[in-house]
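Enquirer: Next come a sequence and a model predicted from it.
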Amino acid sequence: HSFPTRRSSDLPSLEPRLSVEYQLSGNQRIQLGYSRMTQFVHLITSGGAGLPNDIWLPATERIPPQRSDQIHAGWAKDFKGFSLTVEAFAKQLYQQTELTQGASFVLNGNTDWQSLVESGGRGRVYGLEWLINKQEGRWNGWLAYTLSWNTRQFANINRGKPFPFRYDRRHDLSITGTYQVNSRLKLSSNFIFQTGNAFTLPSAVHETLGGGFQTVYSEKNNQRMPTYHRLDLNAHYEYLTRKKRMATLSFGAYNIYGHPNAFFVDRVGIPARFERVTLFRFIPAFSYTVKW
């Protein structure tokens, strides 16, 4: 489709930022900050069942750029070999864009995309973050956890009530560790645990007089994908080749215990039922690199 796109020079935007840090006794510090940001592209997410389809689209005359105001406050302390950071944040979003209920870029391929989206929405993101980091010794790594809420609100979607954004994740935990066995061999691991994405399932399916089926939707993003988690393991061995070049031999595995994480929910059968689809349970990896 062709559509008028606003250039950055046509849309002057002030983006003030303020950051303050106060040093306390005992290797402690307090951080405060504020920032305003403008984004000239919109992320349009597919919120229903089926293969996920996220599209980035530019701001236009009809669809203005997004804007956000964010504040954060944090506390940090350095220990012997460790650092601990705790931060609270809140972000207000303006001029958000969402696919109108029942619209589809696939099914409405010949329609101007601007008529398929609802603009002028608001969003709210807030939460707490914790980070423990170790950067000394043979053992290194970090543990990060985020507790957050991410909602959107539009006048003509979900009857004007706030609903969770597709990528609203209540819990997000990640643990990364490396161990230097010797000067040549290093082991690493990565564990991820996340609340599943929000998506929309119909509240009812009715049979029509013509023998077909009609779906009825009550709430936007009314369901959650199953919890996502996996463990990745890797080993890296470095050595010098006969020509004195540094080589690295790496072995690893993605999702070592083969948990069936759901990639999307598919609609199958008549009458319709919904089943989760898993793409990759376990993926071995091997690489060999030489520095010239």
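Expert: It's in.

Enquirer: what about stretch 199-216, start to end distance?
Expert: Taking CA to CA, to the nearest Å, the first and last residues of stretch 199-216 lie 15 Å apart.

Enquirer: With stretch 204-218 instead?
Expert: End-to-end span of stretch 204-218 (CA to CA): 9 Å.

Enquirer: how far is that stretch from where the chain is centred?
Expert: In terms of CA atoms, centre = their mean, to the nearest Å, the centre of stretch 204-218 is set 33 Å apart from its chain centre.

Enquirer: what do you get for stretch 14-28?
Expert: Worked out by CA atoms, centre = their mean, stretch 14-28 lies 27 Å from the chain centre.

Enquirer: Quick one: residues in contact with that stretch.
Expert: 29-38, 75-79 (CB atoms under 8 Å, 6 or more residues apart in numbering). Every C-beta, even on glycine, is put in place using the N, C-alpha and C of the backbone.

Enquirer: Now intersect these with the strands, please.
Expert: 29-38, 75-78 (DSSP state E).

Enquirer: need the contact list for Tyr34.
Expert: Contacts of Tyr34 by CB under 8 Å, 6+ apart are Pro16, Arg17, Leu18, Asp69, Gln70, Ile71.

Enquirer: again but with Thr278, I slipped
Expert: Thr278 touches Pro260, Asn261, Ala262, Phe263, counting by CB under 8 Å, 6+ apart.

Enquirer: can you do 10 Å?
Expert: Pro226, Gly258, His259, Pro260, Asn261, Ala262, Phe263, Phe264 (CB atoms under 10 Å, 6 or more residues apart in numbering).

Enquirer: coming back round to it: out of the contacts of stretch 14-28, which are buried?
Expert: Buried by 16 or more other CB atoms under 10 Å: Gly33, Thr38, Ala76, out of the contacts of stretch 14-28.

Enquirer: from memory the last one sits against Glu129, does it?
Expert: Think Ala76. No. In this structure, Ala76 is not within contact of Glu129 by CB atoms under 10 Å, at 11.4 Å.

Enquirer: returning to what we had before: as JSON lines, the contacts of Thr278 with pLDDT and distance to Trp56 would be great.
Expert: Shown next, in JSON lines, are these (pLDDT from 0 to 100; distance: CB to CB, whole Å):
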{"residue": "Pro226", "pLDDT": "90", "distance to Trp56": "27"}
{"residue": "Gly258", "pLDDT": "93", "distance to Trp56": "33"}
{"residue": "His259", "pLDDT": "93", "distance to Trp56": "30"}
{"residue": "Pro260", "pLDDT": "93", "distance to Trp56": "30"}
{"residue": "Asn261", "pLDDT": "91", "distance to Trp56": "24"}
{"residue": "Ala262", "pLDDT": "87", "distance to Trp56": "24"}
{"residue": "Phe263", "pLDDT": "84", "distance to Trp56": "20"}
{"residue": "Phe264", "pLDDT": "81", "distance to Trp56": "19"}
